[in-house]
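Chemist: here is a sequence with its predicted model. Questions after.
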Amino acid sequence: MAILRWAGLRWAAMFVCSVLAVTGWAATRSARAQDEGTAPADAPASEPAAAETPAAGEPTASDAPADGTPAAEPAATESIAEPAAEPAEEKPAQGEPATEPSADAAAARQQFDDLFGKWKTLLARLRELQAEYQTTEPAGREEIVKQYNELLAQGDEMAPQLTAAAETLFKAQGAEDPEISAFLASAVLSAAAADEYDTALEIGKTLIDAGVTDPRLWQIVGGAAFSLQDFDNAEAYFDKASEAGELSPQNMQEKATIPEYRELWAREQQLREQEATADDLPRVVLHTSKGDIELELFENEAPNTVANFIKLVEDGFYNGLTFHRVLPGFMAQAGCPNGDGSGGPGYNIKDECDSEYPEHRDHFRGSLSMAKTALPDTGGSQFFITFRPTPHLNGKHTVFGRVIDGWDTLPKLQRRDPQSPSAPPPDRIESATVVRKRDHEYAPETLPES
């Protein structure tokens, strides 16, 4: 039942914030993190780390996030998410004449109100099912769970429609309606928390450009811009949030890396242009339980890592393996035959990212990189895909490819920490296929497993 609890909060968070307005953002984000049962870490790891305090500079599975505040574990109880209460109707202040809306604004208002009414009805039914679940014997809960999941599917479909209707209404009437502004602000939060940074930045810019001036909005939208390598907007929004005293420690660290990352991103873009012209890099498609992800592999800079990956794909090694560790705001890790981060192919390969490889690639959004322990040359089969730039991993983990298609699949992957006792079931790589490679044998050089 824990998986139902998380799924409900994916979009119920938007409703909560539309009622509580922007002041409820931090609490909603915290509740979501706790509900997912994840404790974000600083680096992917090939095996669970036992130490609570790793040596400085050595990323392991138990590293703290950038702000040093890991998410709390949820209570070990089964329950369905408690949807938010319905908002009280707002009434105009006495003595203030009503302004006649334009035809476009009136139509947009009607569309939003219709969808919002359906949304509230759906949430009310979820509350009823939750009450029924709590009072029903375990043997009779299956039908309740089925109905609840069906409603969640409806909510998943309705949430983007409701957000789009709110955007249309906002653009038609401006920032004069605080409920619509707060609803869209909560949509920014929800999108950023789900690693949907394009959506967060688009809606956030709409609000900011219209004059919404909440420092927490600047911080969240700045983080979304940073995640998309839009460093000019990231710096501008971070500066505004910093001046207002609302910049988190993580965002402070990201802001400090912007000058360096501008240069790294310029170099990366130049390399990608050259690669597009040559158009000969190997490509692999991961067919996952949530959709396809197409990867282009950096054979020029990491030839042995690419050879290892291609061989494992062609051997069918990844077929059926899970995304065992998917941490929001960080990355999705897969490739462990044991499903917990402890396994590999029975050998290791050499890193291709240290001082011996000065032309190594760095970590951006969608980078494909090798997972390993804190020790050098301990990679094997486990890899991870980053959701945003991760400066602290540069030069420590071998970047050997990038996502070129399937961006919409990444936010859908089940967020989970395998070390959490309440971790939900993971998504899987149903199969992996090499769709293009160069005309030579791919035979990696291996090391004894350590």
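Modeler: Structure's in. What do you need?
Chemist: after the worst-scoring helix or strand of the chain on mean pLDDT, which helix or strand is next?
Modeler: One helix or strand of the chain scores below all others by mean pLDDT, DSSP states H and E: helix 25-36, with a mean of 35. For helix 25-36, the following helix or strand on the C-terminal side (DSSP states H and E) is helix 103-135.
Chemist: that next one: how far from the chain's middle?
Modeler: 26 Å (CA atoms, centre = their mean, to the nearest Å).
Chemist: so which elements touch the helix or strand just after it?
Modeler: Next helix or strand after helix 103-135 toward the C-terminus (DSSP H and E): helix 142-173. Judged by 3 or more CB pairs under 8 Å, 6 or more residues apart in numbering; DSSP states H and E, the packing partners of helix 142-173 are helix 2-20, helix 103-135, helix 178-193, helix 197-209. Any C-beta I mention is one placed from the backbone N, CA and C, and that applies to glycine too.
Chemist: switch to 6 Å and redo it
Modeler: helix 2-20, helix 103-135, helix 178-193 (3 or more CB pairs under 6 Å, 6 or more residues apart in numbering; DSSP states H and E).
Chemist: which strands and helices lie in contact with the last one?
Modeler: Contact analysis of helix 178-193 by 3+ CB pairs under 6 Å, 6+ apart lists helix 2-20, helix 25-36, helix 142-173, helix 197-209, helix 215-227 as its packing neighbours.
Chemist: how far off centre is that helix?
Modeler: That offset, for helix 178-193, works out to 17 Å (CA atoms, centre = their mean).
Chemist: strands of the stretch 351-450 of the chain, residue ranges please.
Modeler: Along the stretch 351-450 of the chain, counting by DSSP state E, counting those that start in this stretch, strands occupy 367-370, 383-386, 399-405, 429-436, 447-448.
Chemist: paired strands for the last one, with orientation please.
Modeler: If I follow you right, that is strand 447-448. Sheet pairing of strand 447-448 (DSSP bridges) gives strand 347-348 (antiparallel).
Chemist: name the residues that touch the strand it pairs with?
Modeler: With CB atoms under 6 Å, 6 or more residues apart in numbering as the test, strand 347-348 has contacts from Asp377, Thr378, Gly380, Thr446, Leu447, Glu449, Ser450.
Chemist: helices along the stretch 301-450 of the chain, start to end?
Modeler: With DSSP state H, counting those that start in this stretch, the ranges of helices along the stretch 301-450 of the chain come out as 303-314.
Chemist: Gln274 is nearest to which of the strands of the stretch 351-450 of the chain?
Modeler: strand 399-405 (14.0 Å; CB to CB).
Chemist: in its sheet, what does that closest one sit against?
Modeler: Strand 399-405 is paired, per DSSP bridges, with strand 291-297 (antiparallel), strand 367-370 (antiparallel).
Chemist: any idea how far the first one is from the chain center?
Modeler: The one in question is strand 291-297. For strand 291-297, the distance to the chain centre is 17 Å (CA atoms, centre = their mean).
Chemist: got the angle between it and helix 303-314?
Modeler: 150 degrees (axes from the mean of the first three to the mean of the last three CA atoms, to 10 degrees).
Chemist: so can I have a markdown table of the strands of the stretch 351-450 of the chain showing distance to Ser242, mean neighbour count and mean pLDDT?
Modeler: Below are the strands of the stretch 351-450 of the chain laid out as a markdown table (distance: least, CB to CB, whole Å; neighbours: other CB atoms under 10 Å; pLDDT from 0 to 100):
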| stretch | distance to Ser242 | mean neighbour count | mean pLDDT |
| --- | --- | --- | --- |
| strand 367-370 | 27 | 27 | 98 |
| strand 383-386 | 25 | 26 | 98 |
| strand 399-405 | 30 | 22 | 98 |
| strand 429-436 | 41 | 16 | 98 |
| strand 447-448 | 46 | 10 | 98 |
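Chemist: element containing Glu275?
Modeler: Using DSSP H and E, Glu275 falls in helix 249-278.
Chemist: how about low-confidence regions in the stretch 51-200 of the chain?
Modeler: 51-101 (pLDDT under 70).
Chemist: got the domain boundaries for the chain?
Modeler: The chain breaks down by automatic domain parsing into domains covering 2-86+103-249, 280-448.
Chemist: deepest-packed of those, please.
Modeler: domain 280-448 (a mean of 20; mean count of other CB atoms under 10 Å).
Chemist: show me how far that domain is from its chain's centre.
Modeler: That offset, for domain 280-448, works out to 17 Å (CA atoms, centre = their mean).
Chemist: can you start the count at 47 instead of 1 from here on
Modeler: That works, and once the first residue is 47, the last one we named lands at domain 326-494.
Chemist: measure that domain end to end?
Modeler: This stretch, domain 326-494, spans 32 Å end to end (CA to CA, to the nearest Å).
Chemist: what's the nearest residue to Leu367 if we skip its chain neighbours?
Modeler: Ile475 (5.3 Å; CB to CB, 6 or more residues apart in numbering).
Chemist: list the contacts of the one you found.
Modeler: Leu332, Thr334, Tyr364, Leu367.
Chemist: contacts for whichever strand or helix holds Ser288, please.
Modeler: Taking DSSP H and E as the criterion, Ser288 maps to helix 277-289. With contact meaning CB under 6 Å, 6+ apart, helix 277-289 is reached by Pro261, Trp264, Gln265, Val267, Gly268, Ala271, Phe272, Leu293, Asn297, Lys301, Ile304, Arg308.
Chemist: gap between the fourth one and Gly291?
Modeler: When distances are taken as CB to CB, to the nearest Å, Val267 and Gly291 turn out to be 17 Å apart.
Chemist: ditto for the last one
Modeler: Taken as CB to CB, the spacing of Arg308 relative to Gly291 amounts to 26 Å.
Chemist: what does the first one give?
Modeler: The spacing between Pro261 and Gly291, counted by CB to CB, is 7 Å.
Chemist: sorry, back to before: dump the helices and strands packed on helix 188-219 to JSON lines, plus distance to Pro391.
Modeler: What follows is these, written out as JSON lines (distance: least, CB to CB, whole Å):
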{"stretch": "helix 48-66", "distance to Pro391": "30"}
{"stretch": "helix 149-181", "distance to Pro391": "43"}
{"stretch": "helix 224-239", "distance to Pro391": "34"}
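Chemist: quick check: Gln460 vs Ala240, distance?
Modeler: Gln460 is 12 Å from Ala240, by CB to CB.
Chemist: look up phi and psi at Gly426.
Modeler: When read as degrees, to the nearest 10, the backbone of Gly426 gives phi -150, psi -80.
Chemist: now, the contacts of Ile475 that are in strands?
Modeler: Leu332, Thr334 (DSSP state E).
Chemist: of the contacts of Ile475, just say which sits nearest to Ala170.
Modeler: Thr334 (34.3 Å).
Chemist: between the helices and strands packed on helix 188-219, which one is closest to Thr245.
Modeler: Short answer: helix 224-239, nearest of these by CB to CB, at 4.0 Å.
Chemist: check contacts around Glu398.
Modeler: Going by CB under 6 Å, 6+ apart, Glu398 touches Ala348, Thr351, Thr444.
Chemist: correct me, but the second one touches Val445?
Modeler: No: when contacts are counted by CB atoms under 6 Å, Thr351 is not listed as touching Val445 (8.9 Å).
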